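Enquirer: here are the coordinates; sequence isn't available:
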C-alpha cells in the first residue's frame, strides 16, 4: 500500500490559499498536488479520498462553509 498523506497537509494548503475555495476547486488542487488516487488520513480516520477528506474535515468543524466555499485557520490544526 502506498504512503498516505496526513490531513494536516491539506489543511495547510487551504490556509496558504488565504481565501475561501469551492469544494470542487479545492479537490482539484489536492488531486493536482498529490494525484487522483492519493489516500489521506487524520487522527481518527484513514484511507480517505480527497473529497472524503474535505467532507470529513468539514464535518469535524475543521473547515467552515461560508457561502458555498470552505476555509479554515491555524487554530483548527491539532498539534500532535
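Expert: Alright, I've got the coordinates. These figures come from a predicted structure and were not determined experimentally.

Enquirer: pLDDT-wise, which helix or strand of this protein ranks last?
Expert: strand 64-66 (a mean of 91; mean pLDDT, DSSP states H and E).

Enquirer: show me what it is in contact with.
Expert: Contacts with strand 64-66, where a contact means CB atoms under 8 Å, 6 or more residues apart in numbering, come from 20, 58, 70, 71, 72. In short, each C-beta sits where N, CA and C put it, glycine included.

Enquirer: at 10 Å instead, please
Expert: Outside of strand 64-66, the residues that reach it under the criterion CB atoms under 10 Å, 6 or more residues apart in numbering are 20, 23, 58, 70, 71, 72, 73, 76.

Enquirer: quick one, which of those residues are buried?
Expert: Of all these considered here, the ones buried according to neighbour count by 16 or more other CB atoms under 10 Å are 20, 23, 70, 71, 72, 76.

Enquirer: CSV for the residues you listed, including pLDDT, distance to residue 62 and secondary structure?
Expert: Written out in CSV, the entries for those read as follows (pLDDT from 0 to 100; distance: CB to CB, whole Å; DSSP: H, G, I helix; E, B strand; the rest coil):
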residue, pLDDT, distance to residue 62, secondary structure
20, 95, 14, coil
23, 95, 14, helix
70, 95, 10, strand
71, 93, 11, strand
72, 92, 6, coil
76, 77, 5, helix
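
Enquirer: which of those residues sit farthest apart?
Expert: The most widely separated members of the buried ones among the contacts of strand 64-66 are 23 and 76, with 16.6 Å between them, by CB to CB.

Enquirer: which one among the buried ones among the contacts of strand 64-66 gets closest to residue 37?
Expert: The shortest separation between residue 37 and any of these is 18.9 Å, and it belongs to residue 23 (by CB to CB).
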